[in-house]
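# Quick one, what's the 3D model for this:
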Amino acid sequence: MADLVIRPATEDESDVIADLVFGEPGQETRRVAAALYGVNDPARLRPLFRALWRAGQNWKHTFVGVADGAIVGIVQCGSSAMRVTPSVAVIALRALGLRVLAAPKAMRLHDRVSPTKPPDAMVISELHVLSTARGKGIGGRLLAFAEHEAARRGLTRVALHTYVTNPARHLYERNGYVAETVATDAAFERRTGVPGNVLFVKDL
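Okay, the predicted model is just below:
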């Protein structure tokens, strides 16, 4: 996509970015979150996802790909933050109901399939492309941008992880990323249907 512009995200784009990460019907990110927290209604989960994204100020580490005036993809260069503020707690209670009491256990379960990232690498926490914009090379452009950003910061490696069942792993493999570690957990798989995550690393 020749007219793609990649630039830093702004705070007022937090909700748009959160919705893109949250995903569309059938997207693995949304499906796993619904299974993990026991809530299948996206109208209840989306406000919580937006609140967590905004509270963590993740937009500060995010770059957006813009085409024809609209955000079509994002890449987050840096670790995701998780801040549970009073307002987030209220939204979580609305979204999860009494299941909010089990949320810490679900988060620990997710942590068990999160491979440890190399300390000397820049971490890509999120990379998403709008479904209607896929197949146009945007994912590869965002990856290349992140690698350039890593080099600008003096880093020589880039790392990311994704679910082992995610078709996007082929994008990483095509762009020189090597599967270094696989973290699986039987309880996580029973809950979500996904065995776990694979850690990809690329030397620049």
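# CA atoms for contacts and neighbours, from now on please.
Will do.
# The closest residue in space to residue 115 that isn't next to it in sequence: neighbour count?
In space, and not counting its chain neighbours, residue 115 is closest to residue 183: 5.8 Å by CA to CA, 6 or more residues apart in numbering. Burial of residue 183 is recorded as 18 neighbouring residues (other CA atoms under 10 Å).
# Centroid-wise, who is the farthest residue in the protein?
For the chain, the largest distance from the centre (CA atoms, centre = their mean) belongs to residue 98, which lies 26.0 Å off.
# do you know how far that one is from residue 37?
Distance of residue 98 to residue 37, computed by CA to CA, to the nearest Å: 11 Å.
# CA atoms of the worst-scoring helix or strand of the chain on mean pLDDT as PDB?
Within the chain, confidence by mean pLDDT, DSSP states H and E is lowest for helix 86-96 among all helices and strands, at a mean of 78. Written as PDB, here are the backbone C-alpha positions of helix 86-96 (Å, rounded to 0.1, in the frame of the first residue of the first chain):
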ATOM      1  CA  PRO A  86     -11.000   2.700  40.400                       C
ATOM      2  CA  SER A  87     -12.800   3.500  37.100                       C
ATOM      3  CA  VAL A  88     -11.400   0.300  35.500                       C
ATOM      4  CA  ALA A  89     -12.500  -1.700  38.500                       C
ATOM      5  CA  VAL A  90     -16.100  -0.400  38.100                       C
ATOM      6  CA  ILE A  91     -16.100  -1.200  34.400                       C
ATOM      7  CA  ALA A  92     -14.700  -4.700  35.100                       C
ATOM      8  CA  LEU A  93     -17.500  -5.300  37.500                       C
ATOM      9  CA  ARG A  94     -20.100  -4.300  34.900                       C
ATOM     10  CA  ALA A  95     -18.400  -6.500  32.300                       C
ATOM     11  CA  LEU A  96     -17.700  -9.600  34.300                       C
END
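# re the thing from before, what's the residue nearest to residue 115 sitting at in phi/psi?
phi -110, psi 120 (degrees, to the nearest 10).
# picking that back up, which helices and strands sit right next to the very next helix or strand once past the least confident helix or strand of the chain?
Counting by DSSP states H and E, the next helix or strand C-terminal to helix 86-96 is helix 103-111. Packing partners of helix 103-111 (3 or more CA pairs under 8 Å, 6 or more residues apart in numbering; DSSP states H and E): helix 28-37, helix 186-192.
# Among those helices, show me which one is buried the most.
Mean neighbours per residue, mean count of other CA atoms under 10 Å, is largest over the helices and strands packed on helix 103-111 for helix 28-37, with a mean of 19.
# what angle do it and helix 103-111 make?
With axes from the mean of the first three to the mean of the last three CA atoms, to 10 degrees defining the directions, helix 28-37 sits at 130 degrees from helix 103-111.
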